[in-house]
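Undergrad: Everything below, folded, please.
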Amino acid sequence: MKILLISDLHANIDALNAVWAREKSADIVLCAGDIVDWGFHPHEVIAWLRERDAICICGNHDVETLKLYDSGVREEIGKETTYASHCVNQLTAEDVAYLRALPETRVLTLDGVTYCMKHSLVMHERKSNVQILLGEYRALPAFREKWNELVTPEEDACATTRCLILGHSHISYLLRAMGEEYYLNPGSTHYRKGRDSVVKGADYVVIQDGTPIFRHVDYPTAHLRARIENSNFPANIKTPALVYAGSHID
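TA: Okay, the predicted model is just below:
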């Protein structure tokens, strides 16, 4: 079986299309959260996931976007000052229902590996990619302790290889805890955090017959940067958004 594992999509349909152009032979799609916010195409991304019957969980940006939607606060369409406001204006009733239905945790067994997807075990942010990576390593709890908290005894009954799939950090990694127990993060298909980033494009993982393979694909970002430049976003949003879109490395 070929599994396509993605995370932190952030309403970027161009990145997803670039990934799919390369990995359309995938048998199943898993998504570890943060589907919307910090991007311009939440409706299209949700449609993409639904068309492929992707197995998804919610991320912190999905939760925050729903909170804004429920608040009733709206900015004028085309004059939004935040990505979240833009996303709220783009979501249909069906999109909102889809996001509401996303669980925080999913457990499934594929090719003899039992996976538990949880967007994040630590919710703090760091200033650079290196600090995010080190912070994630240091803050990750004991594997079996967290596993037993998230996975029921019935779900774990036949598990021989266990894998906690995480998102949130936008950093790809595979960490062995002990024995056949692993933490796996596919990184982000949308952007990396920090000005020290030297690579743009989409990161993701293909799990082929139980073996994770880290992959990367570039996609055009010129029109994304133009849209950011032409937005009403304030400097504290526009500046990092342009960095995330790769403007500092062209």
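Undergrad: Show me the shaky parts of this structure.
TA: 122-141, 192-199, 247-250 (pLDDT under 70).
Undergrad: where do the strands sit along it?
TA: 2-6, 28-31, 55-56, 105-110, 113-118, 161-165, 172-178, 181-186, 202-208, 211-217 (DSSP state E).
Undergrad: between those, which gets nearest to Asp14?
TA: Smallest distance to Asp14 across these (Cβ to Cβ): 8.9 Å, for strand 202-208. Any C-beta I mention is one placed from the backbone N, CA and C, and that applies to glycine too.
Undergrad: Who are the packing partners of the closest one?
TA: Packing partners of strand 202-208 (3 or more Cβ pairs under 8 Å, 6 or more residues apart in numbering; DSSP states H and E): strand 2-6, helix 13-23, strand 181-186, strand 211-217.
Undergrad: Partner strands of the first one, with direction?
TA: If you go by DSSP bridges, strand 2-6 pairs up with strand 28-31 (parallel), strand 202-208 (antiparallel).
Undergrad: what comes into contact with the first one?
TA: Strand 28-31 has contacts (Cβ atoms under 8 Å, 6 or more residues apart in numbering) with 1-7, 9, 49, 52-57, 110, 115, 117, 165.
Undergrad: Put together CSV for the helices and strands packed on strand 202-208, with mean neighbour count and distance to Leu121 on each row.
TA: Shown next, in CSV, are the helices and strands packed on strand 202-208 (neighbours: other Cβ atoms under 10 Å; distance: least, Cβ to Cβ, whole Å):
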stretch, mean neighbour count, distance to Leu121
strand 2-6, 23, 17
helix 13-23, 19, 25
strand 181-186, 22, 9
strand 211-217, 15, 18
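Undergrad: okay, these in CSV with distance to Asn230 next?
TA: Shown next, in CSV, are the helices and strands packed on strand 202-208 (distance: least, Cβ to Cβ, whole Å):
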stretch, distance to Asn230
strand 2-6, 28
helix 13-23, 17
strand 181-186, 31
strand 211-217, 26
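Undergrad: Out of those, flag the one nearest Trp147.
TA: strand 181-186 (7.4 Å).
Undergrad: The closest one vs strand 161-165, what angle?
TA: 40 degrees (axes from the mean of the first three to the mean of the last three Cα atoms, to 10 degrees).
Undergrad: Measure how strand 181-186 sits relative to strand 172-178, angle-wise.
TA: Using the same axes, to 10 degrees: strand 181-186 against strand 172-178 is 170 degrees.
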